[in-house]
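J.: Quick check, what structure comes out for this input:
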Amino acid sequence: IFRVFEEETVTPIVLGGDTHDSWAYQLFKDGNYTGEPISVGIAGPGVTSGGTYNRFTDAFEKTLVGNLGYSNEEVLEVVYDAFKDWNDGMEYTDVYHRGFVAVELTKTKATYEFIHIKTEVLRASFDEIEDTYGGLLGTNAPFFCGVHLESEAGRPGSLVASDSCGSFSFRSSPMPFLNS
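T.: Just a heads-up that it's a prediction; the model follows:
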């Protein structure tokens, strides 16, 4: 596949979904984690799937947060830094929030935004959702943009992250048929 990326494509992008966590990274020649990037990998989480954080909830929340006094944000920062130290091409990761990736491809660039649903909403009981949001959440779930990234056409592996979210808009609306 790396030979095809190098010889047969201009700006290859690998899209994946329901990977349980959010990942945006460069793929390097020969599968290494350093060197010349030849592609971009974008892997979106799922909305209802667990993730790395959920698999290690006891270790993260009970041991590191509860017993040792670290904040949830401090624990996540250590996890994110470890992933970035392991892979020089890692531009973004989020192992805590669920959601999806919005993608726009043009002749000059690819734009990606990781859209996350607030974790506390996904962890809430149906009674809590009824009390807080007035019913089951459909397209009206509260969400936020985790990161905005761009890849430039003709530059394989180019991937630049920024906080300038807002390339995509989503209209939220209640789904009354779910509440009947």
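
J.: tell me the secondary structure for Val101?
T.: Of the three states, Val101 takes strand under DSSP: H, G, I helix; E, B strand; the rest coil.

J.: gap between the residue minimising distance to the centre of the chain and Trp86?
T.: By Cα atoms, centre = their mean, the mean C-alpha position of the chain lies nearest to Ser22, the distance being 2.7 Å. Ser22 is 16 Å from Trp86, where distance means Cβ to Cβ, to the nearest Å. C-beta: built from backbone N, CA, C; applies to glycine.

J.: quick one on the thing from earlier: the residue nearest to the centre of the chain pairs with what?
T.: Note on Ser22: beta-bridge partners by DSSP bridges are Asp94.

J.: what's the answer for the one 5 residues further on, then?
T.: For Leu27, the beta-bridge partners under DSSP bridges are Ser39.

J.: who's in contact with it?
T.: By Cβ atoms under 8 Å, 6 or more residues apart in numbering, the contact set of Leu27 is 2, 5, 14, 37-41, 89, 157.

J.: could I get the residues you listed as JSON lines with distance to Glu104 and pLDDT?
T.: Below are the contacts of Leu27 laid out as JSON lines (distance: Cβ to Cβ, whole Å; pLDDT from 0 to 100):
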{"residue": "Phe2", "distance to Glu104": "26", "pLDDT": "77"}
{"residue": "Phe5", "distance to Glu104": "21", "pLDDT": "83"}
{"residue": "Val14", "distance to Glu104": "17", "pLDDT": "93"}
{"residue": "Pro37", "distance to Glu104": "21", "pLDDT": "90"}
{"residue": "Ile38", "distance to Glu104": "22", "pLDDT": "90"}
{"residue": "Ser39", "distance to Glu104": "18", "pLDDT": "92"}
{"residue": "Val40", "distance to Glu104": "14", "pLDDT": "95"}
{"residue": "Gly41", "distance to Glu104": "17", "pLDDT": "95"}
{"residue": "Gly89", "distance to Glu104": "22", "pLDDT": "91"}
{"residue": "Gly157", "distance to Glu104": "19", "pLDDT": "92"}
